[in-house]
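Participant: sequence-free structure coming up:
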């Protein structure tokens, strides 16, 4: 397939915030967008040219999408690989069904990493409680139990500190096939963001450092405070992964930095990633434009970061007393507010993020933490005519 120029139509399976930000960039570039999602109030629907109602695993809706677009992409890796294989009979799907088949199953993903000699934590597959006991005896404590499928933001995972917790942890993940991994005492969590087009052209963003709270990404700062040698190794490993998968689009490879110089692959996300949100407003080419360029087989854009940046997620917890006081953010010239248009906040739900720019990445990070603290302290509801109202929708 040759490059698809503006005027072509992009199909996106999934309607969340990643799809929404893809649409911002795609429409600016002159592309049309059709979104498949079951919820008419999903963040992406209001911005799309066309909405197809349907579940992301619904083949009939997927076939309808394929007939109306020129290329298909995803905002989640949880679309069944078997369904994507069917859609590939009609239109190009990027990332492909073969990529998703490898990524969706943690066991397959770990086996793939082993085949290409990518460094990773020690791990063992477990299908029964008895196998879990054997694996824990081999790996030692603490260790981490992760369901093989459908886990994200800490869901389907359990940290096991001692043998007496094995049975409860097995029950907590639904007593289903899983991987048991050694617990890694890391110095930092980092992510490599890259884009690759069908011709194998690749571009890398600066390595980012991430901090999680309750298994959900809290802050990202770029560039990460790592050595040139560590950055080069991280880039090489990520490139090996993308090329071996023949991946097309954005990809994030999350890694642990251990002992100051060793990197271990934690997991792969074959799509734009939360830790790359800082690129939207801080980099010459955002991860969302870069993804559009890759899936349409265009030349890739400049990923450089002219000025250090920090990103902090805005979770639904901030809405516990009503709409936050956004003047805390809007009054800061170096801050950019991004809200995803979600009507119903709830604890742990990603509602938006704030981007902060500064010549010093650590000062940008400090400023982002300060803004979150102020939003948490304000606990304000907007007031109209003296009456407090909630803007939950």
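Facilitator: Looks like it arrived, so ask away. This structure is a prediction, so every number in the text was calculated from the model and none was measured.
Participant: now do the contacts for the residue nearest the centre of the chain.
Facilitator: Centre of the chain computed as the mean C-alpha position; nearest residue by C-alpha atoms, centre = their mean is residue 273, 3.0 Å away. If a contact means C-beta atoms under 8 Å, 6 or more residues apart in numbering, then residue 273 has 191, 193, 250, 252, 287 as its contacts. Any C-beta I mention is one placed from the backbone N, CA and C, and that applies to glycine too.
Participant: for residue 296, same thing?
Facilitator: Applying C-beta under 8 Å, 6+ apart to residue 296 gives the contacts 3-5, 8, 10, 31, 71.
Participant: in strands, which of the contacts of residue 273 fall?
Facilitator: 191, 193, 250, 252 (DSSP state E).
Participant: and those, which two are the farthest apart?
Facilitator: Farthest-apart pair in these is 191 and 250; separation 11.5 Å (C-beta to C-beta).
Participant: what's the overlap in contacts for the two?
Facilitator: Joint contacts of residue 191 and residue 250 (C-beta under 8 Å, 6+ apart) are 273, 276.
Participant: for residue 109, helix, strand, or coil?
Facilitator: Under DSSP: H, G, I helix; E, B strand; the rest coil, the three-state class of residue 109 is helix.
Participant: run a quick neighbour tally on residue 262.
Facilitator: By the criterion of other C-beta atoms under 10 Å, residue 262 has 14 neighbours.
Participant: where does the nearest residue to it once chain neighbours are set aside land on pLDDT?
Facilitator: Taking C-beta to C-beta, 6 or more residues apart in numbering as the measure, residue 262 lies nearest to residue 119, with 7.2 Å between them; neighbours along the chain are not counted. For residue 119, the model assigns a pLDDT of 98.
Participant: roughly how far does residue 119 sit from residue 179?
Facilitator: For residue 119, the distance to residue 179 under the criterion C-beta to C-beta, to the nearest Å works out to 16 Å.
Participant: now swap in residue 157 and tell me
Facilitator: The span separating residue 157 from residue 179 equals 10 Å under the rule C-beta to C-beta.
Participant: who has more neighbours, these two?
Facilitator: Using other C-beta under 10 Å, the more surrounded residue of residue 157 and residue 179 is residue 179, with 22 against 19.
Participant: re earlier: now do the shared contacts for residue 157 and residue 179.
Facilitator: Counting by C-beta under 8 Å, 6+ apart, the common neighbours of residue 157 and residue 179 are 145-146.
Participant: so what's residue 374 up against?
Facilitator: Contacts of residue 374 (C-beta under 8 Å, 6+ apart): residue 328.
Participant: ok, it to residue 367 distance?
Facilitator: Counting by C-beta to C-beta, the separation of residue 374 from residue 367 is 11 Å.
Participant: and residue 88, by the same measure?
Facilitator: Summarising the geometry, the distance separating residue 88 from residue 367, computed by C-beta to C-beta, is 45 Å.
Participant: so what pairs up with the residue lying closest to residue 123 once chain neighbours are set aside in the strands?
Facilitator: Ranked by C-beta to C-beta, 6+ apart and with sequence neighbours excluded, the top spatial neighbour of residue 123 is residue 181, at 4.3 Å. Taking DSSP bridges as the rule, residue 181 bridges to residue 123, residue 144.
Participant: try residue 350
Facilitator: According to DSSP bridges, the residues that bridge with residue 350 are residue 315.
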